[in-house]
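# Here's my sequence, what's the structure:
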Amino acid sequence: MTATQVDLDTPAGPVPGDGGHLNSLDGIRAVAALLVLTLHVASVTGEMYGDTEFSWLVAHGDVGVAIFFVLSGLLLYRPWAAALLGSGRRPDVRVYLWRRALRVLPAYWVAVIAGLVAFHSARLGSVRTWIEWLGLLSIYDPDPWWTGTGPEGLYQMWTLPVEATFYLALPLFGAGVAYLATRQDGDVDRRGSRALVALALLGSVSFAYIALTFWPSWKPTMGMHLPRYLLWFSLGMAVSLLAAWAQARPSGRVSVLCRALGSSAGACWLISALTFVVASTELTGPRTLSGDTFWASCFKTALYGITAVFLVAPLALSDGRASFADRALGNPVMRFLGRVSYSLFLWHVLVIAVLYRLADMKPLTGGFWPVLLVVVPVSVLVAVLSHFLVEQPARRLGLRLGRRERDQ
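Model (predicted):
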């Protein structure tokens with residue numbers, strides 16, 4: 001073994017992204033869910049349509065969706081990235097899909113049924129409605145019976161079909177990236193470089209797809225399909241690839257880069273915050289679903305992607321040692337909120353709708369802070385019940401299925 005090989009294969013300190021489960025990523029989930037909740041409270045109260053800087057900021061709480069999608073790309077692509085760079089094996093696709101289904105569908109089904117029963121009883125006899133909503137197909141309806149992104153109590157759910165489509169496509173994406181990265185002989189660095197190029201190409205599909213949504217005329221429903229958001233997923237996949245690359249070559253240049261990012265949460269978060277401020281201007285278009293333009297959509301996609309990846313990357317590339325970032329987002333409160341964040345996302349719009357119905361409140365009549373102070377704790381309480389009564393039993397079933405497959 002030469003001296004050069006020793007340098008490349010011997011870690012220079014803790015390996016980035018090798019800290020196991022990172023509590024701070026749970027905290028990031030909580031941040032994303034609370035951003036989306038705040039947006040919807042700002043929408044129903046009318047706060048997002050005000051002329052203040054705060055109104056513009058809360059109107060862009062949908063950046064939480066970008067954070068969720070970056071996290072999905074990061075966490076779910078990890079085994080494919082490790083297999084590509086020789087430090088693991090590809091996951092069993094059947095087990096992966098079963099576990100994704102058990103993670104997402106049970107809690108989603110309960111929330112959808114509650115929303116339909118509570119606010120759309122006239123649709124309960126429609127087979128089409130049940131197939132669309134229980135089958136995560138609502139965004140593909142060319143002539144929906146609701147307006148906007150969904151009916152009352154369920155209009156945030158459009159992101160779940162996007163996520164589900166990504167889950168189904170990820171094994172194909174993983175295989176495609178691996179094929180392009182390994183079609184020629186090469187060491188870890190060459191495979192990693194080719195894989196990054198492949199992920200960049202995947203992310204660029206978003207901008208081509210945006211062009212299709214506006215040519216020859218604007219087709220708003222196309223804006224809720226997976227290709228529109230591939231940039232965000234691919235950014236998360238790229239961070240996952242960098243972490244696996246750093247672990248495969250602990251003293252290589254990529255490891256140095258990852259170690260620098262992992263120890264620079266403050267600088268990365270400043271970039272994230274400043275990018276979000278820029279995104280919260282007229283540069284990214286109007287604060288409604290109408291009147292969107294090609295360039296505004298491109299700017300929003302790019303700026304939200306930068307905001308999300310610079311928020312997530314320093315945490316994902318952490319070496320697991322205690323840090324400011326871990327204390328800020330990995331403390332017990334944020335970890336708990338992160339663990340119930342999926343149910344929080346599922347139920348908060350229904351909580352808002354029930355509140356307005358029971359209190360006989362009219363939309364767009366103000367009261368942002370009082371409504372927020374009621375919706376947050378009630379939504380968290382419902383999310384906790386959903387998490388422990390629905391999510392956790394389904395998750396345990398998924399883990400048992402995974403162990404059974406490994407034992408066979």
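# Could you report the neighbour count for E282?
If you count neighbours by other CB atoms under 10 Å, E282 ends up with 9. Every residue, glycine included, has its C-beta placed from N, CA and C.
# ok, now which ones touch it?
Residues near E282 by CB atoms under 8 Å, 6 or more residues apart in numbering: none.
# how close does it get to W295?
11 Å (CB to CB, to the nearest Å).
# On the three-state scheme, the closest residue to G46 other than its chain neighbours is what?
For G46, ignoring the flanking residues on the chain, the nearest one in space by CB to CB, 6 or more residues apart in numbering is L364 at 3.9 Å. Following DSSP: H, G, I helix; E, B strand; the rest coil, the label given to L364 is coil.
# residue contacts, L364?
L364 makes contact with V44, T45, G46, Y49 under the criterion CB under 8 Å, 6+ apart.
# Which pLDDT value belongs to it?
At L364, the predicted lDDT confidence score is 95.
# got it, and the one 10 residues further on?
The predicted structure scores V374 at 98 on the pLDDT scale.
# could you say what helices and strands the strand or helix carrying it packs with?
For V374, the host element (DSSP states H and E) is helix 368-386. Where contact means 3 or more CB pairs under 8 Å, 6 or more residues apart in numbering; DSSP states H and E, helix 368-386 is packed against helix 23-45, helix 93-119, helix 341-358.
# got JSON lines for the ones you listed, with mean neighbour count, distance to P314 and mean pLDDT too?
Below are the helices and strands packed on helix 368-386 laid out as JSON lines (neighbours: other CB atoms under 10 Å; distance: least, CB to CB, whole Å; pLDDT from 0 to 100):
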{"stretch": "helix 23-45", "mean neighbour count": "23", "distance to P314": "9", "mean pLDDT": "96"}
{"stretch": "helix 93-119", "mean neighbour count": "18", "distance to P314": "26", "mean pLDDT": "96"}
{"stretch": "helix 341-358", "mean neighbour count": "22", "distance to P314": "20", "mean pLDDT": "98"}
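# would you list those helices in TSV and tack on distance to L241?
Converted to TSV, those look like this (distance: least, CB to CB, whole Å):
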stretch	distance to L241
helix 23-45	17
helix 93-119	18
helix 341-358	25
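# T182: neighbour count?
By the criterion of other CB under 10 Å, T182 has 14 neighbours.
# Quick check: it touching L85?
No: T182 lies out of contact with L85 (CB atoms under 8 Å); the separation is 10.0 Å.
# In contact with the spatially most central residue of the chain, which residues?
Nearest residue to the geometric centre of the chain (CA atoms, centre = their mean): F68, 1.6 Å. Taking CB under 8 Å, 6+ apart, we find F68 in contact with R29, A32, T159, E163, F345.
# my read: the last one touches Q156, true?
Yes: counting by CB under 8 Å, F345 does reach Q156; the two are 6.8 Å apart.
# returning to what we had before: so which of the helices and strands packed on helix 368-386 is nearest L373?
Closest of these to L373 is helix 23-45, at 9.7 Å (criterion: CB to CB).
# next helix or strand past that closest one?
Defined by DSSP H and E, the subsequent element after helix 23-45 is helix 53-58.
# How about that following helix, which residues are buried there?
Neighbour counts over helix 53-58 (16 or more other CB atoms under 10 Å) mark S55, W56, L57, V58 as buried.
# can you pull the contacts of the last one?
Contacts here follow CB under 8 Å, 6+ apart; on that basis V58 touches T38, L39, A42, E47, M48, F368.
# per-residue confidence for it?
Looking at V58, its pLDDT is 97.
# Relative to R287, how far out is it?
According to CB to CB, V58 stands 10 Å off from R287.
# How about the first one?
Computed as CB to CB, the S55 to R287 distance reads 8 Å.
# And V110, by the same measure?
To R287, V110 is 32 Å away according to CB to CB.
# before we move on, what about D319?
From D319 to R287 the distance is 40 Å (CB to CB).
# And W218, by the same measure?
17 Å.
# higher neighbour count, these two?
Counting neighbours by other CB under 10 Å for W218 and for R287 shows that R287 has the greater number, 18 against 15.
# Where does pLDDT dip in the protein?
Low-confidence segments of the chain (pLDDT under 70): 1-20, 289-291, 401-408.
# picking up where we left off before, what do T182 and L85 both touch?
R191.
# I'd guessed A325 sits against S318; true?
Yes: using CB under 8 Å, A325 makes contact with S318 at a distance of 6.9 Å.
# Common neighbours of these two, please.
With CB under 8 Å, 6+ apart, A325 and S318 have common neighbours S24.
# ok, those two, which is more surrounded?
Remark: of A325 and S318, S318 carries more neighbours, 28 against 22, as counted by other CB under 10 Å.
# The more buried one and R100, how far apart?
Computed as CB to CB, the S318 to R100 distance reads 25 Å.
# Same question for E391.
From E391 over to R100 the distance is 13 Å, taken as CB to CB.
# just S251 next, same as before
35 Å.
# same question, T221
Per CB to CB, T221 is found 25 Å from R100.
# and if you look at E282?
Separation of E282 from R100 (CB to CB) stands at 38 Å.
# can you pull out the strands in the stretch 151-300 of the chain?
Listed in chain order, the strands of the stretch 151-300 of the chain (DSSP state E, counting those that start in this stretch) amount to none at all.
# before we move on, the earlier item: with distance to P377 added, can I get the contacts of V58 in CSV?
As requested, the contacts of V58 are exported to CSV (distance: CB to CB, whole Å):
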residue, distance to P377
T38, 14
L39, 18
A42, 18
E47, 19
M48, 22
F368, 16
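# what sits against the closest residue to L124 other than its chain neighbours?
Sequence neighbours aside, L116 is the residue nearest to L124 in space, at 6.3 Å (criterion: CB to CB, 6+ apart). For L116, the contacting residues are R123, L124, T129, W133, L154, by CB under 8 Å, 6+ apart.
# Tell me the buried residues within those.
The neighbour-count criterion (16+ other CB under 10 Å) marks R123, T129, W133, L154 among the contacts of L116 as buried.
# May I have the secondary structure class of G88?
The local conformation at G88, judged by three-state DSSP, is coil.
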